[in-house]
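Engineer: just to be clear, the model below is a prediction. Sequence and coordinates:
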Amino acid sequence: MSNQSKSKKTEICLTLLSVGKEVIPTDSNDNEMFRFLSFDEKPTNKIDQFLHKEAKELAENKEKTVHVSGDELFPNYDKKLVKTFPSTRLNKKVTKGSIIQTEFGDEGYVIDVSKEKITADFNNPFSGKPLLIKIKNTGQKNTQLESTAS
């Protein structure tokens, strides 16, 4: 037999304001992320751990701005994920700043191109960089029924 209990989750909005010295335009929603969090549950990933710590005491419809290292939210920057390979390996022309994808689905940011070789960084673009993030408790609630064994 199972019982049902309600799990109340609060919507938190993260807005990325800057990465390093680059200010992110806020005129689009591309830099926003919404999460429903239950402050009664243990967070399971770096982003939820950060939000749990920073937003737990934030009242409804209130916001705050925090500085955080990208390594607190994303995997640490790893120099081994910067790869150089022959340009003949790609079937298309790429330029510095292009995004490429491996046969396994990993995405890399092209940081150097020559006639013979291409260098791409496969780290998360925020790893190792200082971030400025606005956190807002939107006041929205999401109540889910969860089954619990009795």
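Structural biologist: Right, received. Where do you want to start? Numbering: from 1, shown residues only.

Engineer: so Ile47 sits against Glu72, correct?
Structural biologist: No: in this structure, Ile47 is not within contact of Glu72 by C-beta atoms under 8 Å, at 9.3 Å. Bear in mind the C-beta positions are built from the backbone N, C-alpha and C, glycine included.

Engineer: any idea which helix or strand comes after the longest helix seen in the chain?
Structural biologist: Assignment by DSSP state H gives helix 46-55 as the longest helix of the chain. On the C-terminal side of helix 46-55, the nearest following helix or strand under DSSP states H and E is strand 63-69.

Engineer: and stretch 101-108, average pLDDT?
Structural biologist: For stretch 101-108, the mean pLDDT works out to 89.

Engineer: for Phe74, see how far away Lys83 is.
Structural biologist: With distances taken as C-beta to C-beta, to the nearest Å, Lys83 is found 19 Å from Phe74.

Engineer: of these two, who's got more company?
Structural biologist: Taking neighbours as other C-beta atoms under 10 Å, Lys83 and Phe74 compare with Phe74 leading, 18 against 13.

Engineer: once you drop chain neighbours, what's closest to that one?
Structural biologist: Nearest non-adjacent residue to Phe74, counting by C-beta to C-beta, 6 or more residues apart in numbering: Asn124, 4.2 Å away.

Engineer: ok, how many other residues are close to that neighbour?
Structural biologist: For Asn124, the neighbour count with other C-beta under 10 Å is 18.

Engineer: and for Gly70?
Structural biologist: Close neighbours of Gly70, defined as other C-beta under 10 Å, add up to 20.

Engineer: that one is in contact with Phe126, isn't it?
Structural biologist: Yes: counting by C-beta under 8 Å, Gly70 touches Phe126, with 3.9 Å between them.

Engineer: please enumerate the shared neighbours of those two.
Structural biologist: Common neighbours of Gly70 and Phe126, counting by C-beta atoms under 8 Å, 6 or more residues apart in numbering, are Val19.

Engineer: in this protein, which spans are strands?
Structural biologist: Assigned by DSSP state E, the chain shows strands spanning 2-19, 22-23, 32-37, 63-69, 82-86, 99-101, 107-113, 117-121, 130-149.

Engineer: hey, which of those is tucked in deepest?
Structural biologist: Comparing those by mean neighbour count (mean count of other C-beta atoms under 10 Å), strand 117-121 ranks first with a mean of 19.
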